[in-house]
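S.K.: generate coordinates for the sequence data below:
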Amino acid sequence: MDTPSYRFEPLVEPAAELTHDELRRYSRHIIISEMGLTGQRRLKAARVLVIGAGGLGSPALMYLAAAGIGTLGVVDDDVVDDSNLQRQIIHGTSRIGMLKTESAAQSIREINPSTNVVLHNTRLSRENVLEIFSGYDLILDGTDNFATRYLVNDAAAILGKPYVWGSILRFDGQVSVFWNGHGPTYRDLYPEAPPAGTVPSCAEGGVFGVLCAQIGSVMVAEAIKLITGVGQPLIGRVQILDSLAMTWREIRLKPDPELVQPTELLADYPAFCGLQPPAEEDVPAVAARELAELLAAREQGRAQFRLIDVREPGEAEIVAIDGAELAPRGQILGGDISWPRQTPLILHCKSGGRSAEVLRYLKGQGYTDVKHLDGGVLAWVRDIEPDRASY
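M.R.: A predicted model of the protein is given here:
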């Protein structure tokens with residue numbers, strides 16, 4: 001099948017002539033006939049916004065800076081944590097606790113002092129997204145949640161801006177280019193958000209560190225092609241990588257003629273993705289200290305209950321609460337459970353989200369005495385066993 005062809009002009013006009021230093025720095029680009037001096041001048045004129053200075057944003061920002069992008073915007077409100085360093089290569093050990101935007105800016109300026117770095121130390125929201133996006137030619141979306149992805153899509157569609165999208169989880173990655181008016185958008189790929197809880201986050205499911213570079217570098221290649229007008233971008237195509245088998249496959253995507261593209265932002269993107277917080281009474285919880293007392297009482301024969309760890313086996317290898325039984329969330333939600341429905345159960349996960357979801361499922365299955373650990377194993381380590389490992 002032929003690759004779908006979407007005709008497009010270079011995204012930006014060329015900047016002024018390059019300096020002698022810039023000619024030397026970018027010479028390996030310039031001598032490529034398809035890129036040439038004009039292409040490099042377009043990169044110098046380009047304004048690119050990267051959403052998230054995390055797994056995908058790290059390699060993307062570094063390669064965009066090295067390529068000679070004139071202005072790089074970075075949106076992030078998080079700080080560097082040691083658990084980031086396995087994959088977020090723009091940061092380092094000495095920057096733990098620093099704002100990710102500030103850490104990213106330090107690395108960008110070291111790679112290319114000529115790049116103008118604009119920091120947006122904020123969480124992207126419907127209140128600020130249109131104003132932020134309006135200052136850029138192109139968006140790279142490296143976010144890790146569906147609510148923000150739909151927000152990015154809708155804002156880009158309203159403003160008519162192209163954006164490069166990437167997604168990673170465990171050993172799998174996806175990448176494409178969305179551009180309302182020129183090809184499909186994210187809503188053509190996902191007209192509706194997957195049911196809440198069906199797709200784990202990287203914090204829950206893990207991510208193969210180097211996968212960030214594999215997908216992030218493809219995202220940068222697509223951005224450069226759009227800016228300079230060379231090659232055939234991934235408009236109308238989604239590339240899917242299985243890094244374990246090291247195979248790529250492609251799916252074709254066309255705009256849905258019945259899909260009405262957004263003309264204004266939704267009022268509540270988390271609600272659209274089914275992320276409304278549950279009512280307090282819907283998820284009976286115990287605090288870490290209360291659980292410690294209950295476990296002591298169980299050892300003395302004064303209490304009867306089962307403590308169920310709904311995390312994945314790899315998480316339990318890092319840290320586990322003594323006396324817990326491992327039963328991963330997916331196994332339970334798939335119906336692979338055999339506990340009598342009258343059995344008192346206390347569930348726990350990493351921080352409380354998955355255990356609350358499993359609790360509601362079990363209540364729907366007729367389990368009458370179910371609670372979960374408020375704050376999960378992180379709260380347990382913080383309040384009960386601070387010498388244990390955390391993640």
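S.K.: in the helix or strand Ser355 falls within, what's buried?
M.R.: Ser355 is part of helix 353-364, with elements assigned from DSSP states H and E. By neighbour count on 16 or more other C-beta atoms under 10 Å, the buried set for helix 353-364 is Gly353, Arg354, Ser355, Ala356, Glu357, Val358, Leu359, Tyr361, Leu362. C-beta: built from backbone N, CA, C; applies to glycine.
S.K.: again, but for stretch 19-30
M.R.: Within stretch 19-30, judged by 16+ other C-beta under 10 Å, the buried ones are Glu22, Arg25, Tyr26, His29, Ile30.
S.K.: can you check the distance spanned by that stretch, start to finish?
M.R.: Taking C-alpha to C-alpha, to the nearest Å, the first and last residues of stretch 19-30 lie 13 Å apart.
S.K.: now do that stretch: distance to the chain's middle.
M.R.: Centroid separation between stretch 19-30 and its chain, computed with C-alpha atoms, centre = their mean, to the nearest Å, is 34 Å.
S.K.: where does the residue nearest to Leu241 when sequence neighbours are not counted land in three-state SS?
M.R.: Ranked by C-beta to C-beta, 6 or more residues apart in numbering and with sequence neighbours excluded, the top spatial neighbour of Leu241 is Gly173, at 4.3 Å. Under DSSP: H, G, I helix; E, B strand; the rest coil, Gly173 falls in the strand class.
S.K.: and Gly173, how close does it get to Ser217?
M.R.: Separation of Gly173 from Ser217 (C-beta to C-beta, to the nearest Å) stands at 11 Å.
S.K.: these two: which has the busier surroundings?
M.R.: Ranked by neighbour count (other C-beta atoms under 10 Å), Gly173 and Ser217 place Gly173 first, with 25 against 17.
S.K.: what's opposite the residue nearest to Gly183 when sequence neighbours are not counted in the beta bridge?
M.R.: Computed as C-beta to C-beta, 6+ apart, the closest residue to Gly183 that is not its neighbour in sequence is Ile235, at 3.8 Å. On the basis of DSSP bridges, Ile235 is bridged to Val177.
S.K.: now do Asn180 against Lys161, distance only.
M.R.: 8 Å.
S.K.: partner strands of whichever helix or strand comes after the helix holding Ser355, parallel or antiparallel?
M.R.: Scanning forward in sequence from helix 353-364 by DSSP H and E, the next helix or strand is strand 370-373. Paired with strand 370-373 in the same sheet, following DSSP bridges, are strand 285-286 (parallel), strand 345-348 (parallel).
S.K.: how about those in JSON lines, adding mean pLDDT, mean neighbour count and distance to Asp154?
M.R.: Listed next are the strands paired with strand 370-373 as JSON lines, based on pLDDT from 0 to 100; neighbours: other C-beta atoms under 10 Å; distance: least, C-beta to C-beta, whole Å:
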{"stretch": "strand 285-286", "mean pLDDT": "96", "mean neighbour count": "18", "distance to Asp154": "35"}
{"stretch": "strand 345-348", "mean pLDDT": "98", "mean neighbour count": "26", "distance to Asp154": "36"}
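S.K.: who has more neighbours out of Asn180 and Lys161?
M.R.: Asn180 (23 against 19).
S.K.: got the contact list for the closest residue to that one other than its chain neighbours?
M.R.: Counting by C-beta to C-beta, 6+ apart, Asn180 lies nearest to Ala157, which is 3.8 Å off, once chain neighbours are set aside. Going by C-beta atoms under 8 Å, 6 or more residues apart in numbering, Ala157 touches Asn180, Thr185, Arg187, Gln261, Pro262.
S.K.: repeat that for 6 Å
M.R.: By C-beta atoms under 6 Å, 6 or more residues apart in numbering, Ala157 lies in contact with Asn180, Thr185, Gln261, Pro262.
S.K.: show me the strands in the stretch 151-300 of the chain, by range?
M.R.: 163-169, 172-178, 237-242, 247-252, 285-286 (DSSP state E, counting those that start in this stretch).
S.K.: most tightly packed of those?
M.R.: Ranked by mean neighbour count, the strands of the stretch 151-300 of the chain are led by strand 163-169 with a mean of 25 (mean count of other C-beta atoms under 10 Å).
S.K.: relative orientation of it and strand 172-178 in degrees?
M.R.: 170 degrees (axes from the mean of the first three to the mean of the last three C-alpha atoms, to 10 degrees).
S.K.: wasn't Asp387 part of a helix?
M.R.: No - Asp387 is assigned coil when assessed by three-state DSSP, not a helix.
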